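1. got a predicted structure here, sequence first:
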Amino acid sequence: MESGSTASRSSGDGSQRAASEALVRVRGLHFRRGEQRIFDGVDLDIPRGLVTAIMGPSGTGKTTLLKLISGQLQADAGEIEVDGQSIGSLSRSELYALRTRMGMLFQSGALLTDLDVFENVAFPLREHAKLPESVLRKLVLIKLEAVGLRGAARLMPSELSGGMARRVALARAVALDPTMIMYDEPFTGQDPISMGTLTSLIRQLNDASGLTSIVVSHDVSETAEIADHLYIIANGQIMASGSPREVAASDSAWVRQFMDGEPDGPVHYHYPAAPLEQDLLHSAVH
Ligand SMILES: Nc1ncnc2c1ncn2[C@@H]1O[C@H](COP(=O)(O)OP(=O)(O)OP(=O)(O)O)[C@@H](O)[C@H]1O
């Protein structure tokens, strides 16, 4: 296994900056799901103020990594630090406080269907910040303006296109002015125009608000377009890291397979299973 095939390890300032100005530091991360080893000694840094993409084939643990960083799952071994705080040693209330500084836009992060757009964005502010109604209104309208949907404030979620709904969810995710925002597959199911809008919004929000962004995706071209730094995860390890240009120039077979979208190569896409013939010859599926 080419576990040392890190594209940028010796090259340039990208990884050095990552190491010195990391908002998230992951060291020696191990995590299993039953018999399945998801992470087997992962080290990575998420640099402050930049957009970092976590990429890799389906099922390699990208969403799991976000859940570990946000403390929704506990590592089996290793350390995860967010803004100098070790996630594993935080009390429930400390973790809750830290989470309010992490915006999340997960695939499943649907809008509340019985609240209009305005109230969906106002929701985290009403939950976590006691603000006078006039201040809350201004904040919500500013967030909606940032995603180009101030005019849609009184629409219900059922009246929005898929792309608009995702932008409202984005406004909601940044309502509390988080330090960091995590996007899980933000481009899934979007047409090319919505995709372009989302890509530029992610970049703009990051740069205008001094955010740190983590984007989990397997859309290679969109993600490479906005990311300052990429990590490619496969088989429980970091297979490559560096700027999109550095990763694209990698001659590792693993990285080539992924970046070029080749169906077969060193990374196997099949979940472990008995041979197909064996399964087909048995009438019952266990
Ligand atoms: N709740 C769960 N219980 C048991 N196993 C799980 C659970 N959630 C995920 N897994 C397993 O953990 C592995 C990693 O899942 P994860 O969702 O993190 O992958 P991913 O890289 O985000 O995949 P995708 O790109 O397809 O979204 C998968 O093999 C999956 O089967």
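-> Everything's here; your move. Numbering: from 1, shown residues only.
2. any low-confidence regions in the stretch 51-200 of the chain?
-> 107-109 (pLDDT under 70).
3. so which residues of it form helices?
-> 62-69, 92-99, 117-128, 133-146, 162-173, 192-209 (DSSP state H, counting those that start in this stretch).
4. now those in TSV, with mean neighbour count and distance to the ligand?
-> C-betas here are computed from N, CA, C, even on glycine. As requested, those are exported to TSV (neighbours: other CB atoms under 10 Å; distance: least, CB to the nearest ligand atom, whole Å):
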stretch	mean neighbour count	distance to the ligand
helix 62-69	21	3
helix 92-99	13	19
helix 117-128	19	24
helix 133-146	16	27
helix 162-173	21	16
helix 192-209	16	17
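5. relative to helix 62-69, how tilted is the strand or helix carrying residue 45?
-> Taking DSSP states H and E as the criterion, residue 45 maps to strand 36-47. Orientation note: strand 36-47 sits at an angle of 70 degrees relative to helix 62-69 (axes from the mean of the first three to the mean of the last three CA atoms, to 10 degrees).
6. and strand 36-47, average pLDDT?
-> Averaging pLDDT along strand 36-47 gives 94.
7. direction included, what does that strand pair up with?
-> Strand 36-47 sits in its sheet next to strand 22-33 (antiparallel), going by DSSP bridges.
8. quick revisit: and of the helices of the stretch 51-200 of the chain, who's closest to residue 233?
-> helix 62-69 (6.4 Å; CB to CB).
9. that closest one: how far from the chain's middle?
-> Here the centre of helix 62-69 is set off from its chain's centre by 8 Å, with CA atoms, centre = their mean, to the nearest Å.
10. repeat that for stretch 228-246.
-> With CA atoms, centre = their mean, you get 14 Å for stretch 228-246.
11. what residues of it count as buried?
-> 228-244, 246 (16 or more other CB atoms under 10 Å).
12. just the ones of the residues you listed in helices?
-> In helices, judged by DSSP state H, the following of those are found: 244, 246.
13. is stretch 100-108 in proximity to the ligand?
-> No - Stretch 100-108 does not reach the ligand (CB under 6 Å from any ligand atom); its nearest approach is 7.7 Å.
14. buried residues of that stretch, list them for me.
-> Result for stretch 100-108 [16+ other CB under 10 Å]: buried residues 102-106.
15. what about the residue of the stretch 101-250 of the chain found nearest the ligand, how many residues close to it?
-> Residue of the stretch 101-250 of the chain nearest the ligand, by CB to the nearest ligand atom: residue 218 (5.6 Å). By other CB atoms under 10 Å, the residues close to residue 218 number 19.
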